[in-house]
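Asks: Sequence and predicted model, in that order:
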Amino acid sequence: MTERTWGWLAAVIDVVLIVLFALIGRSSHGESNSAVALWTTAYPFLAGWAIAYVTSGAWARPLRFWPTGVVAWILTVFVGLAIRVATGQGDVDGDPLPISFVIVATIVLGVFLLGWRGIARLVLRAVGRRDRSAVTAGR
């Protein structure tokens, strides 16, 4: 696959995982998963991710942990939480930003956005080794 193809694929995987994060969160709290409700929960994090994707140059190096994965993770969380506070989302008993949500969002989005990149890199490395072995054995 070309870098451009990986760039598009990485963007799709990231977006799907961020929406999955929102879906899991809404489901775990017994909230509606209508398209509008899901969008309301996901868009702050998608906005943070979009900023990260552009600022980190992710399309040029989509599988890298640094800066791509780490910048995507940190900005997705930071901007997402900032937008949620600014729009009044997630207020719990007068607390606009419950620490438990900050911890869960940071951990889950980190596992999602860094985890798939780690798995992809391991698989590509293994395939590369196998291909080199096959070429060497074929001589």
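Replies: Cool, got the structure.

Asks: The residue nearest to the spatial centre of the chain: which element?
Replies: For the chain, the residue nearest the mean C-alpha position is L113 (3.6 Å; CA atoms, centre = their mean). Applying DSSP states H and E as the criterion places L113 in helix 99-137.

Asks: hang on, the earlier thing: confirm for me that the residue nearest to the centre of the chain is in contact with L17.
Replies: Yes - under the criterion of CB atoms under 8 Å, L113 makes contact with L17 at 6.6 Å. Quick note: C-beta positions are derived from backbone N, CA and C, even for glycine.

Asks: about what we covered before: give the buried residues for the helix holding L113.
Replies: Neighbour counts over helix 99-137 (16 or more other CB atoms under 10 Å) mark 105-106, 108-110, 112-114, 116-117, 120 as buried.

Asks: before we move on, back to that, now do the same contact list for the residue nearest to the centre of the chain.
Replies: 14, 17, 69, 72-73, 76 (CB atoms under 8 Å, 6 or more residues apart in numbering).

Asks: Which ones among these map onto strands?
Replies: Within the contacts of L113, no residue falls in strands by DSSP state E.

Asks: Leaving out chain neighbours, which residue sits closest to the residue nearest to the centre of the chain?
Replies: Closest residue to L113 apart from its sequence neighbours, by CB to CB, 6 or more residues apart in numbering: W73 at 4.6 Å.

Asks: gap between that neighbour and S56?
Replies: For W73, the distance to S56 (CB to CB, to the nearest Å) stands at 10 Å.

Asks: Same question for G110.
Replies: Separation of G110 from S56 (CB to CB): 15 Å.

Asks: what does T40 give?
Replies: Distance check for T40 against S56: by CB to CB, it reads 26 Å.

Asks: Looking only at neighbour counts, state which of the two leads.
Replies: With neighbours defined as other CB atoms under 10 Å, T40 and S56 compare such that S56 has more, 21 against 17.

Asks: Just the pLDDT for that one.
Replies: pLDDT recorded at S56 is 87.
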